[in-house]
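1. One predicted model, sequence on top.
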Amino acid sequence: MTAKRRVQAMESSLPPLDVAPHVIAEGREFASLGAYARAIADVSVEAAPMSRIATQSEASVRSATKGKPRDDVEAAVRRAVGDAIFRYILFLRLNTAALELAEREGLRATAMTFWMGCLLGGPREDDLTPEDWRAHQAEQADAWRVWRGVVASLVVLVMVEDDARDQLEARYLGGQPALLAESKAAWDRFAALVDHLGSMSKNLASHDEAGDEPASAKAERRYDERVAARARWLADDARVATLERLGEMPRAVAVIERRLRSLG
């Protein structure tokens with residue numbers, strides 16, 4: 001038996017739920033999505049990741065369901081193939097989401113740094129009349145409250161995205177990290193900038209504003225709900241893409257309609 005056939009035999013013997021994580025682990029050896037895409041472009045259709053996932057999942061299910069009614073076998077094959085492809089597409093989606101957020105929200109975080117500099121570089125008390133100085137202080141206090149609110153929103157965004165990704169990795173990817181090196185580096189740079197802004201926000205707050213109040217049970221529930229909603233959103237992105245590839249458009253539309261109803 002050739003090495004290629006030994007590999008194919010080993011892969012076809014994987015349990016259905018292990019097929020996608022096995023292929024994903026191969027993908028994680030690449031530094032970036034671009035490098036991974038270029039490598040995939042050079043292989044045959046049969047050797048492409050999603051083709052292998054479909055073939056191996058089907059072979060595994062058929063091997064495990066020998067002797068069962070044909071309709072039951074075919075239904076099991078469809079479920080296994082769809083589930084495995086969904087996990088692979090989710091892996092890709094988590095990478096693109098991290099890159100998109102890091103790029104878009106990184107611009108907002110950078111703007112917050114410049115805004116902070118503007119607030120710190122305002123006029124001195126000696127430069128204004130007492131009346132103008134009091135008005136300036138009031139405006140400054142309002143501006144700092146808005147600034148801290150935006151920083152807080154960025155801090156929560158990073159926390160929600162990290163927790164949602166952790167949940168999806170644990171549930172669908174066998175616990176293995178989804179982010180490729182480039183995606184992780186971009187996300188880590190953004191998260192570090194936001195963490196720095198959060199620290200600065202605490203340091204610059206007045207004594208009355210700096211005290212951290214214990215989070216209420218209601219606030220914790222809202223946070224948990226936000227994490228669950230973000231995880232569901234990312235998973236639904238992958239589900240729609242999977243169903244489209246499998247030609248199951250009615251089910252894809254149903255997912256989209258459910259998402260639209262949740263926004264209302």
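-> Good, I have the coordinates. Numbers count the residues shown, from 1 in each chain.
2. make it CA atoms for all contacts and neighbour counts henceforth
-> OK.
3. And the helices in the protein?
-> Assigned by DSSP state H, the helices in the chain fall at 3-12, 16-27, 33-41, 49-64, 70-120, 130-172, 181-204, 207-210, 217-245, 249-263.
4. how about those helices in a markdown table, adding mean neighbour count and mean pLDDT?
-> Formatted as a markdown table, the helices of the chain follow (neighbours: other CA atoms under 10 Å; pLDDT from 0 to 100):
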| stretch | mean neighbour count | mean pLDDT |
| --- | --- | --- |
| helix 3-12 | 13 | 43 |
| helix 16-27 | 20 | 86 |
| helix 33-41 | 13 | 94 |
| helix 49-64 | 21 | 91 |
| helix 70-120 | 18 | 94 |
| helix 130-172 | 16 | 95 |
| helix 181-204 | 18 | 95 |
| helix 207-210 | 9 | 49 |
| helix 217-245 | 17 | 93 |
| helix 249-263 | 13 | 89 |
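5. Contacts only, for residue 32.
-> 180, 181, 182, 183 (CA atoms under 8 Å, 6 or more residues apart in numbering).
6. for the first one, phi and psi?
-> Backbone torsions of residue 180, given as degrees, to the nearest 10, read phi -70, psi 170.
7. quick one: which of the contacts of residue 32 is nearest residue 92?
-> residue 180 (9.4 Å; CA to CA).
8. wait, what's in contact with that closest one?
-> 28, 29, 30, 31, 32, 33, 95.
9. what sits up against stretch 122-142?
-> For stretch 122-142, the surrounding residues in contact (CA under 8 Å, 6+ apart) are residue 119.
10. Output it as PDB, nothing but the C-alphas.
-> In PDB, the C-alpha atoms belonging to stretch 122-142 read as follows (Å, rounded to 0.1, in the frame of the first residue of the first chain):
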ATOM      1  CA  GLY A 122      -6.600  71.600  26.400                       C
ATOM      2  CA  PRO A 123      -6.100  75.200  27.700                       C
ATOM      3  CA  ARG A 124      -4.700  75.800  31.200                       C
ATOM      4  CA  GLU A 125      -6.600  77.700  33.900                       C
ATOM      5  CA  ASP A 126      -4.300  80.700  33.500                       C
ATOM      6  CA  ASP A 127      -5.300  81.000  29.800                       C
ATOM      7  CA  LEU A 128      -9.000  81.600  30.500                       C
ATOM      8  CA  THR A 129     -11.100  83.900  32.500                       C
ATOM      9  CA  PRO A 130     -12.700  82.300  35.600                       C
ATOM     10  CA  GLU A 131     -16.100  82.100  33.900                       C
ATOM     11  CA  ASP A 132     -14.600  80.500  30.700                       C
ATOM     12  CA  TRP A 133     -12.500  78.100  32.800                       C
ATOM     13  CA  ARG A 134     -15.600  76.900  34.700                       C
ATOM     14  CA  ALA A 135     -17.400  76.400  31.400                       C
ATOM     15  CA  HIS A 136     -14.400  74.600  29.900                       C
ATOM     16  CA  GLN A 137     -14.200  72.300  33.000                       C
ATOM     17  CA  ALA A 138     -17.900  71.300  32.500                       C
ATOM     18  CA  GLU A 139     -17.400  70.600  28.800                       C
ATOM     19  CA  GLN A 140     -14.200  68.700  29.600                       C
ATOM     20  CA  ALA A 141     -16.000  66.500  32.200                       C
ATOM     21  CA  ASP A 142     -18.800  65.700  29.600                       C
END
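11. separation between residue 58 and residue 26?
-> The spacing between residue 58 and residue 26, counted by CA to CA, to the nearest Å, is 20 Å.
12. what do you get for residue 112?
-> On the measure of CA to CA, residue 112 and residue 26 end up 39 Å apart.
13. same check, this time on residue 245
-> From residue 245 across to residue 26, the span is 22 Å (CA to CA).
14. before we move on, what about residue 241?
-> Taken as CA to CA, the span from residue 241 to residue 26 is 21 Å.
15. same thing with residue 73?
-> Noted for residue 73: a distance of 29 Å to residue 26, by CA to CA.
16. can you check residue 84 too?
-> Distance, residue 84 to residue 26, using CA to CA: 15 Å.
17. Next: residue 44.
-> Taking CA to CA, one finds residue 44 at 17 Å from residue 26.
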